[in-house]
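Peer 1: below is the sequence, then the predicted model.
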Amino acid sequence: ALLTAASAALIAAGGRRAGAVATPLRAGRSAVGAVILIPGAGGSHLEARWSKPSTVSWTCRKEQREWTDLWVNLASLWAPGAAACWADNFRLVNRPNGTSVNPPGVEVRVGSGEPFGALEPVLCLDPGLLCDETAYMKPLAERLEREAGLVPGKTLLAAPYDHRYATDALAGGNARFEEDLTALVERASAAAGGRGVALISHSLGGLVALHWLQGRPAEWKREMGLSWISLSTPFGGAAKEYRLLASGDADLVPGVSPLKVRSEQRTSEIEYWLLPSAAAFGDTAILTGPDGAQYTASDGDRKRLFQALKLGDGIAAVYERVSKLVDLETPPGVRLLAVAGAGVETEEAYDYRGTDNFDTQPHRESGDGDGVVSSASLGLCQKWGNTTFVRVRGVDHTAVLQDTRVFAGILAELSGHSAAVA
């Protein structure tokens, strides 16, 4: 079977091929000349300033005139009472028309005022600490610069976004994202002398990339020489979204009670984009409530869960909009190398029986995946042509960004080689 050298490198180093390549690449195709990094949820640095009519506590600052870190400032989250103040600034207001806005008096921007395309907003999660301590895409960017010869700001770029919102034209602060990304690809192509442009996405960034690619004309994608490297994309959503909506999830903010951030998380548009789908989970019950009611990934059961959680009409309207942004039956129309971790215990179902309500964390059942997303969800891209899907055992959802086997595969894919693997 023909695979790209990227796949071959991963397999030789302990990865495992999963799925076939419908349209093999030919040896000698032009090497990619530019890369655009698309981060996942929580992967873009956000700043805020505000002048609010009221606060949730006397301990919260009513006015902040200068831009300050919003996502994320870990030190401020750990201060007594600070989580509630932060959540009130970070939340969205969901409107009955299916759109969302910032809370009254709050402004939010991506990064620290850098132009769209700058790498800085995706390099580390908390710029207030040592960047290496909270590094996100920094190791990948540094290796692409050092080993692939890409130039930051010219042929090595990033497409950060406000990860509270989806990225369609109705997505509040991200309303111009897809237009800006199109212009960024054209800029990168010109800087690369007309050679191809590759998107490298992580996690939710894969759904962002897919939605954008599905909306671009085929002729333009060919003209730009577009290709896509997807890392840890939850094509079929993640089961843990049900737990997040029900009881809150503080995995990204350790030391903070999940209930302290639950109300804010319920307003985030991306949570409804990441809901587990029937394509990945079938008719299996993902959540069993305190009363024994069971909820699968079907559209009807999602809505029943929203009602059980009393999420409100604004959130229901947001769901109707964002849940339709990606059509898994429509391929991206570009060459795709999809890489996913495997062999890591991953949450797949939750049972709240024996509790009085959803304020208690449930009993969890796990299966195979990358620690965040199940294998079934990660592998849904295999139905498309011109796609290579590779699982790398023992690599979790975020470690894929720093794994040497994965990076070897990325370099090979960018160089345009192909190989025969028995």
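Peer 2: Everything's here; your move.

Peer 1: residues contacting residue 249?
Peer 2: 240, 243, 258, 261, 265 (CB atoms under 8 Å, 6 or more residues apart in numbering). C-betas here are computed from N, CA, C, even on glycine.

Peer 1: in helices only, show me these.
Peer 2: 240, 243, 258, 261, 265 (DSSP state H).

Peer 1: my read: the first one touches residue 347, true?
Peer 2: Yes. Counting by CB atoms under 8 Å, residue 347 is a contact partner of residue 240 at 5.0 Å.

Peer 1: just the C-alpha atoms of stretch 192-205, please, in CSV.
Peer 2: Backbone C-alpha positions of stretch 192-205 (Å, rounded to 0.1, in the frame of the first residue of the first chain) are rendered in CSV as follows:
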residue,chain,number,x,y,z
ALA,A,192,6.4,30.9,-0.4
GLY,A,193,6.8,31.8,-4.0
GLY,A,194,3.7,30.0,-5.1
ARG,A,195,4.5,26.7,-3.4
GLY,A,196,1.9,24.9,-1.4
VAL,A,197,0.4,26.0,2.0
ALA,A,198,-0.3,23.5,4.7
LEU,A,199,-2.7,24.0,7.6
ILE,A,200,-1.6,22.2,10.8
SER,A,201,-4.5,22.1,13.3
HIS,A,202,-4.8,20.8,16.8
SER,A,203,-8.0,19.5,18.4
LEU,A,204,-10.9,21.9,17.9
GLY,A,205,-8.7,23.7,15.4
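
Peer 1: quick one: mean pLDDT for that stretch?
Peer 2: Averaging pLDDT along stretch 192-205 gives 96.

Peer 1: now that stretch: buried residues?
Peer 2: 192, 195, 196, 197, 198, 199, 200, 201, 202, 203, 204, 205 (16 or more other CB atoms under 10 Å).

Peer 1: from the chain's centroid, how far away is the helix or strand encompassing the last one?
Peer 2: In other words, residue 205. Taking DSSP states H and E as the definition, residue 205 sits inside helix 204-214. Relative to its parent chain, helix 204-214 has a centroid offset of 9 Å by CA atoms, centre = their mean, to the nearest Å.

Peer 1: could you give me the buried positions within that helix?
Peer 2: 204, 205, 206, 207, 208, 209, 210, 211, 212, 213.

Peer 1: just the closest of these to residue 131, please.
Peer 2: residue 205 (19.6 Å; CB to CB).

Peer 1: which residues sit in contact with that closest one?
Peer 2: Residue 205 makes contact with 38, 39, 40, 43, 233 under the criterion CB under 8 Å, 6+ apart.

Peer 1: now residue 364
Peer 2: Residues in contact with residue 364 (CB under 8 Å, 6+ apart) are 243, 347, 349, 350.

Peer 1: identify the residue nearest the first one in space, chain neighbours excluded?
Peer 2: In other words, residue 243. residue 350 (5.2 Å; CB to CB, 6 or more residues apart in numbering).

Peer 1: tally of neighbours for the one you found?
Peer 2: The number of residues packed near residue 350 is 23, by other CB atoms under 10 Å.

Peer 1: secondary structure element for it?
Peer 2: strand 344-351.

Peer 1: and the next element down the chain from that strand?
Peer 2: strand 363-369.

Peer 1: and the helix or strand following that following strand, what does it pack against?
Peer 2: Later in the chain than strand 363-369, the nearest helix or strand by DSSP H and E is helix 375-378. Using 3 or more CB pairs under 8 Å, 6 or more residues apart in numbering; DSSP states H and E, the elements in contact with helix 375-378 are helix 278-281, strand 335-342, strand 363-369.

Peer 1: mind doing that once more with 7 Å?
Peer 2: helix 278-281, strand 363-369 (3 or more CB pairs under 7 Å, 6 or more residues apart in numbering; DSSP states H and E).

Peer 1: give me the distance from that helix to the chain's centre.
Peer 2: Counting by CA atoms, centre = their mean, helix 375-378 comes out at 15 Å from the chain centroid.

Peer 1: sorry, back to before: and which of the ones in helices among the contacts of residue 249 is nearest to residue 334?
Peer 2: Closest to residue 334, out of all of the ones in helices among the contacts of residue 249 and judged by CB to CB, is residue 240, at 29.1 Å.

Peer 1: list the residues that contact that closest one.
Peer 2: Residues counted as contacts of residue 240 (CB atoms under 7 Å, 6 or more residues apart in numbering) are 249, 347, 372.

Peer 1: swap in 10 Å and give it another go.
Peer 2: Neighbour list for residue 240: 234, 249, 251, 274, 276, 286, 346-348, 350, 364, 372-374 [criterion: CB atoms under 10 Å, 6 or more residues apart in numbering].

Peer 1: now residue 105
Peer 2: 49, 50, 51, 52, 53, 54, 62, 63, 64, 89.

Peer 1: the residues you listed in strands, which ones?
Peer 2: Among the contacts of residue 105, DSSP state E puts 49, 50, 51, 63, 64 in strands.

Peer 1: where's the fourth one relative to residue 264, distance?
Peer 2: Yep, that's residue 63 we're talking about. Relative to residue 264, residue 63 is positioned 20 Å away (CB to CB, to the nearest Å).

Peer 1: with neighbour numbers in mind, choose between those two.
Peer 2: residue 264 (20 against 10).

Peer 1: residues in contact with the more buried one?
Peer 2: Contacts of residue 264 by CB under 10 Å, 6+ apart are 83, 84, 86, 87, 88, 89, 90, 91, 92, 103, 164, 248.

Peer 1: try it again at 6 Å.
Peer 2: If you count contacts by CB atoms under 6 Å, 6 or more residues apart in numbering, residue 264 has them with 87, 90, 91.

Peer 1: assess the claim that the last one and residue 267 are in contact.
Peer 2: Yes. Checked against CB atoms under 6 Å, the pair residue 91 and residue 267 is within contact range at 4.7 Å.

Peer 1: so how many other residues sit close to residue 176?
Peer 2: If you count neighbours by other CB under 10 Å, residue 176 ends up with 13.

Peer 1: how about the one 10 residues further on?
Peer 2: Other residues near residue 186 come to 14 when the count uses other CB under 10 Å.

Peer 1: equivalent analysis for residue 254, please.
Peer 2: Count around residue 254 with other CB under 10 Å applied: 9.

Peer 1: also residue 61?
Peer 2: Count around residue 61 with other CB under 10 Å applied: 11.

Peer 1: I'd like to know how far it sits from residue 76.
Peer 2: Relative to residue 76, and taking CB to CB, residue 61 is found at 10 Å.

Peer 1: can you check residue 155 too?
Peer 2: The separation that residue 155 has from residue 76, given CB to CB, amounts to 36 Å.

Peer 1: many thanks, have a good one.
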